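S.K.: Coordinates only, no sequence provided:
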Ligand code: PMP
């Protein structure tokens, strides 16, 4: 496997960064997780736009244009002979002194890993996930805005640990007001009386690219989609529930805190949207040209 690191492709073993990189010292940096389906980098432009927004929010000046980043992502797939895979694009603040200030870091580092990913076991997709609500609350927009896809994922990691301690693979995180924000690395949807609901991003959710894809697909299929304030009560009484994320894709949820959702089986709307999503993915995005 070859990793892109600051201007060149290097072997995995050689892909190393400085211990003085503020990405390591403070989690000061940003990233995107992107999928490659059938030689098509899914919604690449949307991912790069979100990366730019994350950079702007952290006042991190990226010296690369969107077109340059897009080409490097495609090149990483080509170099590794991938036609399907998962790409992790990372921008760190770069090397600086031991103080917090990013002013000592003149040059951000760019890392692109093109690999494969399987987030949940295959049976979770056919049987559905049992998830739990965890005590750790989602960081509010007034502290670190969850819209920033930063290298500091401790808030989600704490929730992930708490989920595992309860024997679950995924967790619902509430915001400080008790509204559902999202899961540790996925957005959440419910279906109630044929209408799809997902928390408004103001509730502390990342503006997921898959979330938007599902909204687009659902609306095109004639479903109404509402961004709303959701509590656990709405999830208890939903007919269906599912999660979305680049790595997870669409995954059904059949239990929350041991309570059965709907009839306890992956729902029809979830299955329909999942199938439509898989049809869209190979075509909607940037093709990696292979000569
Ligand atoms: N929420 C969080 C906290 C995430 O890290 C992610 C990405 N893994 C998502 C939601 C889903 O976003 P996307 O569909 O863009 O991958």
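M.R.: Right, received. Where do you want to start? Predicted model only: the values in this text are computed from it and were never measured.

S.K.: Buried residues of the worst-scoring helix or strand of the chain on mean pLDDT, list them for me.
M.R.: Within the chain, no helix or strand scores below strand 285-287, which has a mean of 88 by mean pLDDT, DSSP states H and E. Of the residues in strand 285-287, 285-286 count as buried by neighbour count, 16 or more other Cβ atoms under 10 Å. Where C-beta positions appear, they are placed from N, C-alpha and C, glycine not excepted.

S.K.: Show me the contact partners of that strand.
M.R.: Contacts to strand 285-287, defined as Cβ atoms under 8 Å, 6 or more residues apart in numbering, come from residues 37, 39-45, 70, 73-74.

S.K.: Pull out the buried positions in stretch 264-272.
M.R.: 265-267, 269-270.

S.K.: Between its first and last residues, what's the separation in it?
M.R.: 17 Å (Cα to Cα, to the nearest Å).

S.K.: starting at the chain centroid, how far to stretch 166-181?
M.R.: 16 Å (Cα atoms, centre = their mean, to the nearest Å).

S.K.: right, is it up against the ligand?
M.R.: No - on the criterion Cβ under 6 Å from any ligand atom, stretch 166-181 is out of touch with the ligand, staying 8.5 Å away.

S.K.: Next, the distance between the ends of that stretch.
M.R.: Stretch 166-181: ends 20 Å apart by Cα to Cα.

S.K.: For that stretch, buried residues please.
M.R.: For stretch 166-181, burial by neighbour count (16+ other Cβ under 10 Å) applies to 168-175, 179-181.

S.K.: do the same with stretch 67-86
M.R.: 69-70, 72-77, 80, 82, 85-86.

S.K.: from the residues you listed, which is closest to the ligand?
M.R.: Distance to the ligand across the buried residues of stretch 67-86 (Cβ to the nearest ligand atom) is lowest for residue 86, with 10.3 Å.

S.K.: Could you name the helices and strands sitting against the host helix or strand of that closest one?
M.R.: Element membership for residue 86, per DSSP states H and E: strand 85-92. On a contact count with 3 or more Cβ pairs under 8 Å, 6 or more residues apart in numbering; DSSP states H and E, strand 85-92 meets helix 22-26, strand 29-37, helix 44-57, helix 66-79, strand 109-115.
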